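**Q** Structure for this input, please:
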Amino acid sequence: MNATIQQVEEIVSVLTAEQQQLLKDTIRYGSWGDADYEFLTENGEIETVPMFGYCTNDAKLAGNFSGRKVSAMFRSIYKKLCPEHYNQIGRFISHCNDWWGDGSGDMLFIRTGYYQTFEEWARK
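**A** The predicted model follows:
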């Protein structure tokens, strides 16, 4: 079952307008591919499920934000949406600081069932 736009808007409502724009930029420009990653269940337990990943470094391609501001904004986004495991694992969004293990890219992941609707939301 896929999420609705209303559900996505509810999820991102805890973010500021700038944070929402950065998330949209990441989704629109950082599309990477699918894999499995950890997310929270409804009960707050960690489970590994399919997801789609987005390279956060590519958000700058949108031209809306750059430099240290982006890093600070992502830290704030992760605190709000990824409450577990040092702000890395959330119910709908999770992230990894160094996906390839070489310092080349931070990744944001959106669980299957939600990522397509997040992509639709990001195009609005």
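
**Q** How about the contacts made by the residue most central in space within the chain?
**A** What sits nearest the mean C-alpha location of the chain, by Cα atoms, centre = their mean, is L108, with 4.1 Å. Counting by Cβ atoms under 8 Å, 6 or more residues apart in numbering, L108 touches 23, 26, 30, 53-54, 56, 93-95. (Each C-beta comes from the backbone N, C-alpha and C, glycine too.)

**Q** of all those, which comes closest to E47?
**A** S94 (10.9 Å; Cβ to Cβ).

**Q** what helix or strand is the closest one on?
**A** Here S94 is covered by strand 93-96, with elements defined by DSSP states H and E.

**Q** Pairing partners for the residue nearest to the centre of the chain in the sheet, please.
**A** Y54, H95 (DSSP bridges).

**Q** Mind pulling up the pLDDT for it?
**A** Looking at L108, its pLDDT reads 96.

**Q** swap in T26?
**A** Turning to T26, the model gives it a pLDDT of 97.

**Q** Assign a three-state SS to it, would you?
**A** Using DSSP: H, G, I helix; E, B strand; the rest coil, the three-state assignment for T26 comes out as helix.
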